[in-house]
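Undergrad: Show me the folded form of this:
(2 chains)
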Amino acid sequence: MYLSLNWLKDFVDIPRSVTAEGLGLKLTTHTVEIDDVILQASKYDNIVVGKIKEVKPHPNADKLQLVLVDIGSSEQEIVCGASNIEAKQKVPMALVGAKLPNGVEITAAEIRGVKSKGMLLAEDELGLGSDHLGILILDKNAKVGQNFGEYLGLKDVVYEVDNKSITHRPDLWSHYGMAREVAAFLNTKTTKLFRNLGQADIVADSEDVEINLKVENQDFCPRYMAVVMDSIKIEESPEWLREKLIAVGERPINNIVDITNYVMLELGQPLHAFDARLLKAEFSTDNKVKIGVRQAKKGETITTLDGEKRDLDENMLLITDQAKPVAIAGVMGGENSEINNETTAIVFESANFEFVSIRKTSAALGLRTEASKRFEKALDPNLCEQALKRTIELINKVCPSAKIVSQVADEKKFKLNQGPIELDLNWLNGFIGQEIKKEKIVNTLVSLGFGVTNKKNKLLVSVPTWRATKDVSIKEDLAEEVARIYGYDNLEFKMPLVKMKAPEINKERQFEREVKNVLVGQGAMEVKNYSFVGEEQLKKLGVEHNKHIRLVNPITKDAGLLRQSLATNLLLNVKTNQARFENFEIFEIGNVFLEVDGNYHKNKSDKDALPMQVKRLGTLVAGEDETNIFGRAKGVVSLLANYFHLPIKYEVMETGPAWAKGGHNARIIIAGAALGTVSRASRECKRKNNIKKAVAIVELDLDKLYRAVNAQGDYSYEEFARFPALTRDLAFVVSEKVLYNDIRDEISGFSELIKKVELFDVYQGEKLGPGKKNLAFHVVYQTERTLTGEEVDGVQNDLIKRLKERFEAQIRDF
Amino acid sequence: MKDEIIKIKEEILAELKKVKESEALGNLETKYLGRKGKLTVLLKQIAGLSDEEKKEIGRLANQTKKEMISKFKEIKSVISGKGEDTFVDVTLPGEKRVLGHLHPVTIVQNELEDLFKSMGFMVLDGPELESDYFNFEALNIPSHHPARDMQDTFYVATPHPNPLPHPQPLSFARRGESKERGQEETNVDQSDMVMRTHTSPVQVRGMLKYGAPLRCVAPGRVFRAEAIDAVHEHTFDQMEGLMVDENISISNLIAVMKELINGIFGREVETRVRPGYFPFVEPGIELDIKCTICNGSGCPGCKHSGWLEILPAGQVHPKVLEYGGIDPDKYSGFAFGLGLTRLAMMKYKINDTRLFNSGDLRFLRQF
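TA: Numbering: from 1, shown residues only, chains lettered A, B, ... in the order given. This next block holds a predicted model:
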């Protein structure tokens, strides 16, 4: 929203010592965020007054002319198509580099073979009106070379208000409301105009017309006021009115439309003007105007002022005449009752609509207007009256022929909670954290329109109607008023005095950090992927997508489902990087979302659970060598398990994730529990997804891993063995189908003397023959006495026998 | 025998001192340690000794032999120049080691968690898929509150829809004015779950779990239904903070916020405080810092205002305290929000927010 400084000055005295920039800063620190302070004249930077020296025909085009223009510092030749120009005229000229109010930027151009360095401007291009028939001819006495803004005498300053910062303040969508704030924080006075604005009673010139008003749903329309005026002449608005509208970015249209816009910008109350004759055919015969306010019917339609046909439903509120809808209440008027150049009788509507209904309607129609923006903030129903009175004042001023030909219709039903709120000054000073003088507190509240009465060390504060719709209702709201007008930066800042207390440690998060550090320490890079996956993406990976929780309103189709695995997006990371990186390891720690009940509840009761959200660790290794990629991935997770002193092993998993079908899959068993999987992407998956690397992925349930670490408690030191260990190496060839797990379990469980079994070599190759592998182990024997070589050899021989029997192992000599 | 061994040892040491070149050293080695060398021959005689002598002399002999061998080696390396005198290109790189990298947001998050822990704050977690109740209602953002306009919310489809009406919210992290998305509106009404639009729901969850007094921060991922470009992301990270105790004032709030900012930037930073609006605080403030790029003179980074919005905060709304099961007559407190992604962008001068979730290693390996 834009605020004009000149307009504010109508309502509040601003001391000379306060600069325009200074006022902008004060608005920001006390009331609303000002995004920009715009000197109005700067709108016409690089647009100057030029004097036409010569006009001659364009050599290559009949409809164009070459114009030589004196701009004071130099003379410029330009190409121009307008027919209303001749030598000696003074005209507005945009130089190269100028940016017109309509956004067009002027550059040097060649038009039909002639260079043109600038452009002569019409009224509409200057944002001054709608005329595009010819170049705007300026006053004879205009100074050549003068900035066009200066020529116009533009001295206004415009503030761009950040609309987000006034969502809670219906009263601040206007110059009037802002002026009240300015008076409060500058500690200055409002003007006589401020106090008198829209206060005079409306006196009807006649009661020729009867308004028959029926508001069906007063919850949705707490107040509806209407009055009929006749003998109106539609024409252009006077200069002062146009100027103000232009300053805040509104395009003047005609006196009636301009006045309704003016009042809205001034007071914040949206108004609507209907052509009374268009409201119903019989108007001229029986002199009755019938206005209804009702909910729309399903299937009903209306064509709004913007020419769009709108489908309506029961949640939308309509303004109707006897026969048809004529406006969508509080959002936009209908085309069928629009003011036109022949209009002479007008019904002015000044009404209040319930904010939720406006919000819903506006959202459902995808139609957000200046009116709906204000109504959805919950406007004060009392404002209708002030605005209607102000409208009449302005109509009388701008269109003296106009007559009020009806009584004011006014249907209302509303109740505002104006308090009073009890404000304990001790509490207030404690809450702000600083003693503020009672006089200052009272002044602040009064200048903002609050009513204040004393009650010992308390104040009884009544809330003004324009703050009572939703904005101010509790003592904390009042504390804000006092503190912000005092100025937050003017407070003395004091550290809180609290009891020292060591914070409870979030061990899960500490654990997560440790995991990341271990992985980074051995060369992996952390990625963060979206929590969303797409249907197509899953289909390509062969993953079932029907059981995924989905977004109701995704931004794009490829991010419409909540991920159930980290692997799916990690696979995309391979595509991102495969062209530039030969080998890489990446990991992500993040949540997956499963369609079963989780640990968090939806509300305070213990009944409704949110879907399960599990923290996972995904690690992906990618490289050129397909044969070792699975082992590399396992290496990462083994390292992690070792770091936390947890035993780890891998078990056969018949079915892995779809993308690893035909690849390799194993279940990861840490401390006896299945905590995750490791899989190698299948050739088919890689082909379908254009993945050019060997890829294996580990996915672990991080919460469970944490619990496993936590369950073992503190790791305790182990004393050195008192008796020496004897190590025997053992190598043998078995069928490749025989699992390492089975062999290892067999060896380690074979004798109590065997303390440790460590695989140190795996070999497969031609020498062994097809389908065979050679495994080599260190077997460590140790017990609570010194073992002799003979004893160990004996056990080892029995072990060899056992391996031969069970696995058909062929022992190899060293 | 023992004496002989010692004698030969001294002989060798004396001769070694004189040696200056490798040839002479080689000869000396043959003379004493070769197959027919003096020491070798002497040691062979040990075999003929009695068991007791063997034990004693044997040990001495072995030790001497070892000592001499290493002495020869040492001198050999000095003479051959393989020692400290030879030229080595010390500028060569060291042995190659692989280094991993933390994500920049993780780095910033870790730093902030540590800062807050040092000030006595707990670090809390909450669900990313959150209920409408905790994301909005318990934060004093009822259905159709205008504040819901200020955020675009991802609604989540439930297996068994539980109809609850609502459009959109507001939080400490801000975005542009909302877009119109008429068509989805009807479907949205069927869902009572959202991807959390801010970390603020952890405030209420934290209060319910721990009560007052309470000091906590909640870092994590948040979501906005927003099209992505260089400055907009639908997925980013925030850190919520909350302090509840007796007699916590606005003055306390600002004092702590200033201290936090100094802690985050590691130096005294100029700030200003202005009113801000967030439904779950009353009053709400915005703490701005002097633009870190132009130092206040105005630049595109601060939209020529000289200030950067960095810390939205405020006194916890009494209704929110009540939702958290805390008596607002006895306790007061403040809450604040920090954009982790935003701080990472400032810290590393990252100008495109899409990089964070891109998985592009050219980006990630820089941290």
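Undergrad: From now on I want contacts and neighbour counts done on CA atoms only, so please keep to that.
TA: Noted.
Undergrad: Show me which positions of stretch B:317-335 end up buried.
TA: Buried residues in stretch B:317-335, counted by 16 or more other CA atoms under 10 Å in any protein chain shown: B:317-326, B:328, B:331-335.
Undergrad: er, stretch A:539-549 I mean
TA: A:541-542, A:545, A:548-549.
Undergrad: hmm, that stretch touching chain B?
TA: Yes: against chain B, stretch A:539-549 shows contacts by CA under 8 Å from any CA of the partner chain at A:Ile549.
Undergrad: what about chain B, any weak spots by pLDDT?
TA: Scanning chain B for pLDDT under 70 picks out the ranges B:81-85, B:146-151, B:158-190.
Undergrad: Okay, domains of it per the record?
TA: B:2-79, B:104-130+B:194-364 (automatic domain parsing).
Undergrad: Distance to A:Glu585 and secondary structure added to the buried residues of stretch A:539-549, as CSV?
TA: Formatted as CSV, the buried residues of stretch A:539-549 follow (distance: CA to CA, whole Å; DSSP: H, G, I helix; E, B strand; the rest coil):
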residue, distance to A:Glu585, secondary structure
A:Leu541, 21, helix
A:Gly542, 24, coil
A:His545, 27, coil
A:His548, 28, coil
A:Ile549, 29, coil
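Undergrad: Spell out which parts of the stretch 1-150 of chain A neighbour chain B.
TA: Checking the stretch 1-150 of chain A against chain B by CA under 8 Å from any CA, the hits are A:28-32, A:35-36.
Undergrad: For the closest residue to chain A within the stretch 251-367 of chain B, list each beta-bridge partner.
TA: Nearest residue of the stretch 251-367 of chain B to chain A: B:Arg274, at 4.3 Å (CA to the nearest CA). Beta-bridge partners of B:Arg274, counted by DSSP bridges, are B:Glu286.
Undergrad: for it, what are its contacts?
TA: A:28-31, A:484, A:487-489, B:285-287 (CA atoms under 8 Å, 6 or more residues apart in numbering or on different chains).
Undergrad: For A:Ile485, see how far away it is.
TA: Remark: distance between B:Arg274 and A:Ile485 (CA to CA, to the nearest Å) = 10 Å.
Undergrad: who touches both of these two?
TA: Shared contacts of B:Arg274 and A:Ile485, counting by CA under 8 Å, 6+ apart, come down to A:30-31.
Undergrad: Helices along the stretch 251-400 of chain A, start to end?
TA: Ranges of helices within the stretch 251-400 of chain A are A:255-267, A:276-279, A:283-286, A:355-365, A:370-375, A:383-398, based on DSSP state H, counting those that start in this stretch.
Undergrad: Out of those helices, which gets the lowest mean score?
TA: For these, the bottom mean pLDDT is recorded on helix A:283-286, which sits at a mean of 57.
Undergrad: The residue in the stretch 601-750 of chain A positioned nearest to chain B - how many residues pack around it?
TA: Nearest residue of the stretch 601-750 of chain A to chain B (CA to the nearest CA) works out as A:Lys602 at 5.1 Å. Using other CA atoms under 10 Å in any protein chain shown, A:Lys602 has 20 other residues around it.
Undergrad: Kindly report the same for A:Glu207.
TA: Residues lying near A:Glu207 (other CA under 10 Å) number 14.
Undergrad: Would you mind saying which of the helices of the stretch 251-400 of chain A lies nearest chain B?
TA: Closest among the helices of the stretch 251-400 of chain A, using CA to the nearest CA: helix A:355-365, at 4.9 Å.
Undergrad: show me where pLDDT drops low in the stretch 601-750 of chain A?
TA: For the stretch 601-750 of chain A, not a single residue meets the criterion pLDDT under 70.
Undergrad: With chain A instead?
TA: Using pLDDT under 70, chain A drops low at A:280-286, A:813-814.
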